[in-house]
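Chemist: pasting the structure only:
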């Protein structure tokens, strides 16, 4: 299995867990004055300010593109699908989960630049691909990360999940993952015979 296919499977798993764990939330609780119910995101504006500055957005784009680079003509990179903007919007929201991610992401971005300066005397965005990957290799798998990289590894795990969520919830990302939902059908004749055979059943229960 190649890298992008593996990420597709991860994205599907993350999306399923997020859906099962979802619950309606109000922004009024714990907020001075409150926001009331969830904002209407279809209007293209939300009632909170964005978090990341230009420098942080460039670092976010560089790291996101290492995780999800352009792969051929039909699979754009994370930054081309505006995943950095998605991450910025996510960590700017006043929900508890997003606020926890905000602290993790901001600390992690600061660490990435500090580590790049320590190892290579340059900002992360100025590193070569080989240099940037060398840093990421030390933090990309928390169970194998050295104790001194434990917090950075937690950041990378959170950041990677956000990248996958932002990428594979776009129209392009869903097509790239092979998602075929939300398409009207003139009729539904049940699963194809090859699917039933793979499941080891002769006919669908309906």
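Modeler: That came through fine. Keep in mind that this is a model prediction, so the values were computed, not measured. Numbering: from 1, shown residues only.
Chemist: Name the single longest helix found in the protein.
Modeler: If you go by DSSP state H, the chain has its longest helix at helix 96-120.
Chemist: In the chain, where is pLDDT below threshold?
Modeler: 1-39, 41, 44-46, 203-206 (pLDDT under 70).
Chemist: if you set the cut-off to 80 instead, what comes out?
Modeler: Applying pLDDT under 80 to the chain flags the ranges 1-47, 72-74, 180-183, 185, 188-191, 202-206.
Chemist: In it, what residue spans correspond to helices?
Modeler: 3-21, 54-67, 83-92, 96-120, 129-137, 150-167, 171-176, 193-199.
Chemist: Dump those to a markdown table, plus distance to residue 183 and mean neighbour count.
Modeler: Just so you know, the C-beta spots here come from the backbone N, C-alpha and C atoms, and that holds for glycine as well. Shown next, in a markdown table, are those (distance: least, CB to CB, whole Å; neighbours: other CB atoms under 10 Å):
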| stretch | distance to residue 183 | mean neighbour count |
| --- | --- | --- |
| helix 3-21 | 17 | 13 |
| helix 54-67 | 28 | 19 |
| helix 83-92 | 24 | 21 |
| helix 96-120 | 31 | 16 |
| helix 129-137 | 37 | 15 |
| helix 150-167 | 20 | 20 |
| helix 171-176 | 11 | 16 |
| helix 193-199 | 17 | 11 |
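Chemist: ok, now which ones touch the nearest residue to residue 117 once chain neighbours are set aside?
Modeler: Spatially, and ignoring its direct neighbours in sequence, residue 117 is nearest to residue 123 (6.9 Å; CB to CB, 6 or more residues apart in numbering). Contacts of residue 123 were listed using CB atoms under 8 Å, 6 or more residues apart in numbering, and they are 59, 113, 116, 117.
Chemist: got it, and residue 159?
Modeler: Counting by CB under 8 Å, 6+ apart, the residues that residue 159 touches are 63, 64, 67, 87, 105, 108.
Chemist: now residue 69
Modeler: So residue 69 contacts 77, 78 (CB under 8 Å, 6+ apart).
Chemist: repeat that with 7 Å
Modeler: Residues counted as contacts of residue 69 (CB atoms under 7 Å, 6 or more residues apart in numbering) are residue 77.
Chemist: With residue 77 instead?
Modeler: Taking CB under 7 Å, 6+ apart as the test, what residue 77 contacts is 65, 68, 69, 70.
Chemist: where does residue 139 fall, phi/psi-wise?
Modeler: Residue 139 adopts backbone torsions of phi -130, psi 0, taken as degrees, to the nearest 10.
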